[in-house]
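Visitor: Below are the sequence and a predicted model for it; my questions follow.
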Amino acid sequence: MSRKKTPKSKGASAPAASALPAANGSRPARPGTGRPGPQARPNGPPQPDRPSLGGGDFYDVAFKVMLVGDSGVGKTCLLVRFKDGAFLAGTFISTVGIDFRNKVLDVDGMKVKLQIWDTAGQERFRSVTHAYYRDAHALLLLYDVTNKASFDSIQAWLTEIQEYAQHNVVLMLLGNKEYGLPFMETSAKTGLNVDLAFTAIAKELKQRSMKAPSEPRFRLHDYVKREGRGASCCTP
Ligand SMILES: Nc1nc2c(ncn2[C@@H]2O[C@H](COP(=O)(O)OP(=O)(O)OP(=O)(O)O)[C@@H](O)[C@H]2O)c(=O)[nH]1
Ligand SMILES: [Mg+2]
């Protein structure tokens, strides 16, 4: 497979990204003017892009990934974190329309470019984003673990995805944000993390019950993070 370059300016298959907010501090309005155009491809699923050479980073193959989910669940922040390694703190400025950013990853020795589309979660932009589903190779559906309404919306998002995306689109559900508590997903059916949850609690309680513990202090957060499958924890 030949090496390609990531076009940084407008092009047929990978147009310029519109301005995204600075990594920190205030966030400018995002008019979504530089949105990538949906490509008419009436037959079959979207193919990976192999655009012609342009200025920018080399890559071997490119895919389109789309972030969807209710407004405020953290789609833009997740993308900025992934792209720039920074958290967009401060005033929440809702995305208008659609933006995208590119990132080239090294996957088993191959340069894989992800063109990541950041959609507006607000209802009034739904018709805009529908047009982009068809060309997406992967969809990341986000909800906010601190917001029940965003979780309740998942079914509606899945219905929308079923209607507008390719049937074989790669789909992943992401629970974003945190309560500052140790967190694990459990399954009574498969046994996932069940022993671990109770063992962790027992360890913490035992530690607390001892007036002058001889052992090193047990840290519940660290334990869960280290031992859990799909577990996490973080400072609030
Ligand atoms: N604590 C915490 N706050 C977050 C996290 N992700 C996003 N936020 C905050 O949540 C708010 C919304 O984040 P955005 O990324 O702009 O939300 P969005 O999903 O892009 O929203 P729309 O553009 O309206 O669809 C902002 O105030 C962020 O700072 C997270 O992981 N943890
Ligand atoms: Mg946004």
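Guide: Okay, I see it. These numbers come from a predicted model, not from an experiment. Ligands and ions are numbered 1, 2, ... in the order given.
Visitor: residues in the chain within reach of ligand 1, list them.
Guide: Contacts of the chain with ligand 1, taken as CB under 6 Å from any ligand atom, map to 71-77, 88-89, 92, 94-95, 120-122, 176-178. In short, each C-beta sits where N, CA and C put it, glycine included.
Visitor: Buried only: go through these for me.
Guide: Buried members of the residues of the chain next to ligand 1, counted by 16 or more other CB atoms under 10 Å: 71-77, 88, 95, 120-121, 176-177.
Visitor: Most widely separated two among those residues?
Guide: Greatest spatial distance among these (CB to CB): Ala120 and Lys177, at 18.5 Å.
Visitor: List the contacts of Thr119.
Guide: Residues near Thr119 by CB atoms under 8 Å, 6 or more residues apart in numbering: 66-68, 75, 95, 98, 125, 129, 132.
Visitor: quick check, nearest of these to ligand 2?
Guide: Distance ranking of those against ligand 2, using CB to the ion, places Thr95 first at 3.1 Å.
Visitor: just checking, that closest one is part of a strand?
Guide: No. Thr95 is assigned coil when assessed by DSSP: H, G, I helix; E, B strand; the rest coil, not a strand.
Visitor: Now it: closest residue in space that isn't a chain neighbour?
Guide: Excluding its sequence neighbours, the residue lying closest to Thr95 (CB to CB, 6 or more residues apart in numbering) is Ala120, at 4.4 Å.
Visitor: show me what contacts that neighbour?
Guide: Contacts of Ala120 (CB under 8 Å, 6+ apart): 32, 71, 94-98, 128-129.
Visitor: From those, pick out the ones that also neighbour ligand 2.
Guide: Restricting those to those near ligand 2 by CB under 5 Å from the ion leaves Thr95.
Visitor: continuing past the helix or strand bottoming out on mean pLDDT in the chain, what's the next helix or strand?
Guide: In the chain, no helix or strand scores lower on mean pLDDT, DSSP states H and E than strand 4-5, which sits at a mean of 54. Per DSSP states H and E, strand 4-5 leads on to strand 58-59 as the next helix or strand towards the C-terminus.
Visitor: What is that next one packed up against?
Guide: Identification of packing neighbours for strand 58-59 by 3 or more CB pairs under 8 Å, 6 or more residues apart in numbering; DSSP states H and E yields strand 4-5, strand 110-119.
Visitor: that older thread, kindly reformat the contacts of Thr119 as CSV containing secondary structure.
Guide: What follows is those, written out as CSV (three-state DSSP):
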residue, secondary structure
Met66, strand
Leu67, strand
Val68, strand
Lys75, helix
Thr95, coil
Ile98, strand
Phe125, helix
Thr129, helix
Tyr132, helix
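Visitor: Next, format those as TSV and append pLDDT.
Guide: Converted to TSV, the contacts of Thr119 look like this (pLDDT from 0 to 100):
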residue	pLDDT
Met66	97
Leu67	97
Val68	97
Lys75	96
Thr95	96
Ile98	94
Phe125	94
Thr129	91
Tyr132	95
